[in-house]
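Peer 1: the amino acid sequence is not available; the structure is as follows:
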């Protein structure tokens, strides 16, 4: 599950137990990426606050599926199979179209977005690929390109933050040896209107 010690639900107490209760999914399952924080519950709390705000908050206006696609693109570049599995499953669930999801995954793997994604979506995916590989290479021209495709500055911030979150999550997973063993894939906080609701489901 991880290369470091983790505390399971049965042995949790205090703040950690309360956080586990907040993030658990069906059957009380807790994602292994979250269990990886168990020795420092305050970082679990910080992780979930960021995750919910960036990907599952009603204040965001990017389509949910595009946020998931951004996460898959970043995770493919970093080689984080755990996040690819989870967020491609989430992407597929949102699309409810297996063939469309398969086409998107192939495009993301090859970074050949045109023809599968709309021009604006492809521009966003090119931006996050560059941000993931060589952040110091970016300048205002990439932002201007996103604007030219109709993204507002607030939406550009969302794109940036989704990519930044996955850079963090990927390194948590890869640096601690987190695996998906024993957990269902693609669950996420379903209640976008309550930022304090972190319970995981299939919504």
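Peer 2: Great, that's in hand. Source: prediction; values computed, not measured. Residues are numbered from 1 along each chain as shown.
Peer 1: give me the contacts around the longest helix along the chain.
Peer 2: Identified as the longest helix of the chain according to DSSP state H is helix 153-176. Residues from elsewhere that reach helix 153-176 (CB atoms under 8 Å, 6 or more residues apart in numbering): 2-4, 33, 36, 47, 50-51, 54-55, 60-62, 67, 70-71, 74-75, 78-80, 82-83, 124, 127-128, 131-132, 143, 146-147, 151, 178. Just so you know, the C-beta spots here come from the backbone N, C-alpha and C atoms, and that holds for glycine as well.
Peer 1: from the centroid of the chain, which residue is nearest?
Peer 2: Here the mean C-alpha position of the chain is nearest to the C-alpha of residue 71 (CA atoms, centre = their mean), at a distance of 4.8 Å.
Peer 1: look up how far residue 187 lies from that one.
Peer 2: The gap separating residue 71 from residue 187 is 14 Å, by CB to CB, to the nearest Å.
Peer 1: wait, the residue nearest to the centre of the chain touches residue 55, no?
Peer 2: Yes: with the criterion set as CB atoms under 8 Å, residue 71 and residue 55 qualify as a contacting pair; they are 7.4 Å apart.
Peer 1: how about the helices in the chain?
Peer 2: Here the chain has its helices, by DSSP H, at 14-23, 32-35, 41-55, 64-78, 81-95, 98-110, 119-133, 140-148, 153-176.
Peer 1: among those helices, which is nearest residue 191?
Peer 2: For the helices of the chain, the distance to residue 191 is smallest for helix 41-55, at 9.5 Å, taking CB to CB.
Peer 1: tell me the angle the closest one makes with helix 14-23.
Peer 2: Counting by axes from the mean of the first three to the mean of the last three CA atoms, to 10 degrees, helix 41-55 points 20 degrees away from the direction of helix 14-23.
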